[in-house]
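S.K.: My questions concern the predicted model and sequence given below.
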Amino acid sequence: MNGELQSIWVYLAASPLLTLTLTLVAYQGGIWLYDKSGNNPLVNPVLIAVLAIVGLLTITDTDYQTYFDGAQFIHFLLGPATVALAIPLYRQIRRVRESLLAIIVTVIAGSLTAAASSVGIAWLLGASRQTLLTIAPKSATTPVAMGIAEQLGGLPTLTAVVVILTGITGAMTASGLLRLARVRDARATGLAIGIAAHGIGTARAFQISGLVGAFSGLAMGLNALATAILVPLLFRLLS
């Protein structure tokens with residue numbers, strides 16, 4: 001019986017639509033659980049979908065490349081989805097102009113803090129230089145972070161994993177931590193989430209409000225730029 005099931009899976013796995021469908025079903029399941037939890041940020045749909053897909057690939061002994069070949073259409077849509085963040089940002093353009101100086105200062109301070117804290121903690125724990133270079137850009141979006149890590153001599157593949165874990169953790173904890181810190185301003189909340197947790201955090205920010213999401217999307221983009229400039233510069237100065 002197990003052999004028959006394995007044969008069926010091998011046959012179905014040859015279809016690109018299978019992994020695409022499984023990905024959508026896993027995420028929809030995460031959304032369902034998130035709604036059932038009363039929109040508890042700890043029940044993060046992305047985390048649930050990732051765990052479900054990883055578990056399925058492990059059980060069926062399916063390699064990642066086979067999975068990605070079918071699900072790459074979703075990967076392609078990341079580009080248009082990121083560009084689409086300009087729409088809610090445009091709707092808040094007046095508030096952006098009013099807060100321009102605060103935004104610039106926040107992004108620079110946040111970018112430096114994100115890199116310095118991760119590198120500092122890893123260094124205290126005895127991490128190698130290559131590991132430090134790998135995790136330094138963890139709060140930038142995945143493509144930018146991987147490019148920075150590769151340029152510095154880190155491990156881009158490991159950087160991608162760290163970036164995703166950072167985003168999921170930020171999406172799960174950021175709103176609660178900001179409430180504990182008595183941060184009430186929607187603009188400040190959005191900037192903090194966007195800098196610390198990039199795209200996954202921004203998705204969570206839009207669940208809070210459109211204003212929080214718009215500022216989170218802005219912070220995500222500006223932080224990617226700041227990280228690409230500041231992190232290599234800091235490592236050159238410290239070398």
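M.R.: Alright, I've got the coordinates. Numbering: from 1, shown residues only.

S.K.: now the chain, which segments are flagged as low pLDDT?
M.R.: Applying pLDDT under 70 to the chain flags residues 1-16, 238-239.

S.K.: how's it carved up into domains?
M.R.: Recorded structural domains for the chain (assignment: automatic domain parsing) are 2-79, 86-238.

S.K.: Make a markdown table out of those domains and add mean neighbour count.
M.R.: Any C-beta I mention is one placed from the backbone N, CA and C, and that applies to glycine too. Converted to a markdown table, these look like this (neighbours: other C-beta atoms under 10 Å):
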| stretch | mean neighbour count |
| --- | --- |
| domain 2-79 | 14 |
| domain 86-238 | 19 |
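
S.K.: Residue nearest the middle of this protein, spatially speaking?
M.R.: The geometric centre of the chain, computed from its C-alpha atoms, lies nearest to Gly167 (C-alpha atoms, centre = their mean), at 3.6 Å.

S.K.: OK, contacts around it?
M.R.: With contact taken as C-beta atoms under 8 Å, 6 or more residues apart in numbering, Gly167 is in contact with 46, 197-201.

S.K.: give me that answer again for 10 Å
M.R.: Counting by C-beta atoms under 10 Å, 6 or more residues apart in numbering, Gly167 makes contact with 44, 46-47, 138-139, 141-142, 196-204, 220.

S.K.: again with Ala127
M.R.: Under the criterion of C-beta under 10 Å, 6+ apart, the contact partners of Ala127 comprise 118-119, 121, 133-135.

S.K.: Farthest-apart pair in these, please.
M.R.: Across those, no pair lies farther apart than Ile121 and Leu133, at 14.7 Å, counting by C-beta to C-beta.

S.K.: hang on, the earlier thing: can you tell me which of the contacts of Ala127 is closest to Ala228?
M.R.: Distances from Ala228 to those, taken as C-beta to C-beta, are shortest for Leu133 (14.1 Å).

S.K.: Point me to the helix or strand that includes that closest one.
M.R.: Take DSSP states H and E as the rule and Leu133 turns out to sit in helix 129-135.

S.K.: For that helix, what is the distance to the chain centroid?
M.R.: In terms of C-alpha atoms, centre = their mean, to the nearest Å, the centre of helix 129-135 is set 19 Å apart from its chain centre.

S.K.: Could you do stretch 215-231 as well?
M.R.: The chain centre lies 13 Å from the centre of stretch 215-231; the measure is C-alpha atoms, centre = their mean.
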